[in-house]
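# With the input below, show me the fold.
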Amino acid sequence: MEFTGPVEAISLLESDFAVVQKLLGEEIWRAGDAEVVECLRRVHRLVGQVQGLQAGLVAEVEQRGIPAAVGAVEVRSWLRSVLTMSPAEAKTTAHMAEALVEKRKDTEAALAAGRASWEQARAIVEVVGRLARTATIEQQGQVETFLLERAGELNAADMRGLEKVLAHYLDADGLEPEEDRAKAKRGAHLLRNGDGTGTLKWTDTEENLALLQAAIEPLAGPRPGPDGERDPRDPALRRADALVDLVSMTLRHGELPASRGVRPHLVITLGDGPLATTASGEHL
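Below is the predicted model of the structure:
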């Protein structure tokens, strides 16, 4: 079948899809287990290829200035309007379109050929993008090639999990800037919500948060009731209670610095009567 342009090509794809959809709906029950699995593999591959086509079209739209021509500030807002995408999906689509077309050409080709899924392509773009802060252009290409060669055995989470290992491989000191950036983001804020509650916002390094987790984990487990009934608290509430318990224990037994010049202390005032009575109830 001949076609005269891109729109006709997409029409052909839509027509073929309708035929395939009808056949699968009516005939899939006749297929053996191996055939069903093979169909699933191929459809999964096609999904990535179609998403790659979409990314290329988004890049074309941006290069032509189509969003700006209709008053859109950026391609993300245009995608939200024209394709009713969520803000998160529009952001991801725009980012992937730019990365695949301008920087990660090998990943774009692997996606088009079905050698990598859309999820894997996203992981490669993210990993290489973060390593680009310290890696050379050549090293970025090496990482991209390394991950693409293992697309048949590594899922997207596995690829992201290799980021620190790859950073060490590229540069023995490659993680130091990341650690410095993490330390620079540290901070804790106590906010009053005005409704009888407050919010603790705490950003810290992985190491420090691991210390916190180790401290509250023994205190955050479910606690059965007096008669063995199930703890009604959800995990979030148990963690909140564990934090309160941890702070209370520290105030009672911990070594605390002076607070505005005075160490925290508890004053107990008793009359002469209680002081003059022994533990057995006898008066002194």
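# Over to the closest residue in space to residue 51 that isn't next to it in sequence: give its phi and psi.
The shortest distance from residue 51 to any non-neighbouring residue, by Cβ to Cβ, 6 or more residues apart in numbering, is to residue 118 (4.2 Å). For glycine as for every other residue, the C-beta is placed from the backbone atoms N, C-alpha and C. The phi/psi pair for residue 118 (degrees, to the nearest 10) reads phi -60, psi -40.
# Next: residue 200.
According to degrees, to the nearest 10, residue 200 has phi -100, psi 120.
# Test my guess that it contacts residue 193.
No - with contact defined as Cβ atoms under 8 Å, residue 200 does not reach residue 193; the gap is 11.2 Å.
# got the contact list for the host helix or strand of residue 157?
Assessed by DSSP states H and E, residue 157 sits inside helix 156-161. Helix 156-161 is contacted by residues 117, 119, 120, 122, 123, 124, 126, 127, 147, 150 when judged by Cβ atoms under 8 Å, 6 or more residues apart in numbering.
# can you tell me the helix or strand for the second one?
Using DSSP H and E, residue 119 falls within helix 118-131.
# That helix: which residues count as buried?
Counting neighbours by 16 or more other Cβ atoms under 10 Å, one finds that the buried residues in helix 118-131 are 118, 119, 120, 121, 122, 123, 124, 125, 126, 127, 128, 131.
# ok, the last one - contacts?
Same thing as residue 131. 139, 140, 143, 163, 166, 167, 170, 174.
# Out of those, which is nearest to residue 29?
When the contacts of residue 131 are compared for distance to residue 29 (Cβ to Cβ), residue 163 wins out at 43.9 Å.
# Can you list phi and psi of the closest one for me?
phi -60, psi -50.
# What sits closest to it if chain neighbours are left out?
Closest to residue 163 by Cβ to Cβ, 6+ apart is residue 127, at 4.9 Å.
# Then residue 199?
residue 191 (4.5 Å).
# could you pull out the strands for this structure?
Under the criterion DSSP state E, strands of the chain are mapped to 187-192, 198-203.
# can you tell which of those strands is closest to residue 105?
Per Cβ to Cβ, nearest to residue 105 of those: strand 198-203, 36.1 Å.
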